[in-house]
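Participant: no sequence on hand, only this structure:
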């Protein structure tokens, strides 16, 4: 399986997560293009975050590394179904998901079961 397109799903929280760093390293190593999606925290867990600044800082990380980034940063609902729909729409070969603050195992299992590519 050749990986040409990565779908990177980042949380709408401003904290360090190795998944973003690893996504950059992988994309650089294999020459993959990246679609970046921002996933807001589930209702009741949301904190005030400057979403535009978050999007800009993540975009800068990828672009500064010379990675081809889809022109639009997408904002999606925090559901497995929404992520699967986006993965199909952007023809992703691999999904890289930043760890969720609530650590819901059921979400990850549902995503892996429904996803059209490895997660």
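Facilitator: Sure, I can see it. Fair warning: this is a prediction, and the values are worked out from it, not measured in the lab. Numbering: from 1, shown residues only.
Participant: can you pull the contacts of residue 10?
Facilitator: By CB atoms under 8 Å, 6 or more residues apart in numbering, the residues touching residue 10 are 17, 19-20, 36-39, 54, 58, 98. Heads up, the C-betas are built off the backbone N, CA and C, glycines and all.
Participant: quick check: which element contains the residue nearest the centre of the chain?
Facilitator: The chain has residue 9 as the residue nearest its centroid, 1.2 Å off, counting by CA atoms, centre = their mean. Under the assignment given by DSSP states H and E, the secondary-structure element containing residue 9 is strand 5-11.
Participant: the helix or strand just after that strand packs against which elements?
Facilitator: Per DSSP H and E, the first helix or strand lying C-terminal to strand 5-11 is helix 18-30. Contacts of helix 18-30 with other secondary structure elements, assessed using 3 or more CB pairs under 8 Å, 6 or more residues apart in numbering; DSSP states H and E, are made with strand 5-11, strand 33-39, helix 51-64, strand 94-97.
Participant: deepest of those, which one?
Facilitator: Burial among the helices and strands packed on helix 18-30, expressed as mean neighbours by mean count of other CB atoms under 10 Å, is greatest for strand 5-11, which shows a mean of 23.
Participant: right, I'll leave it there.
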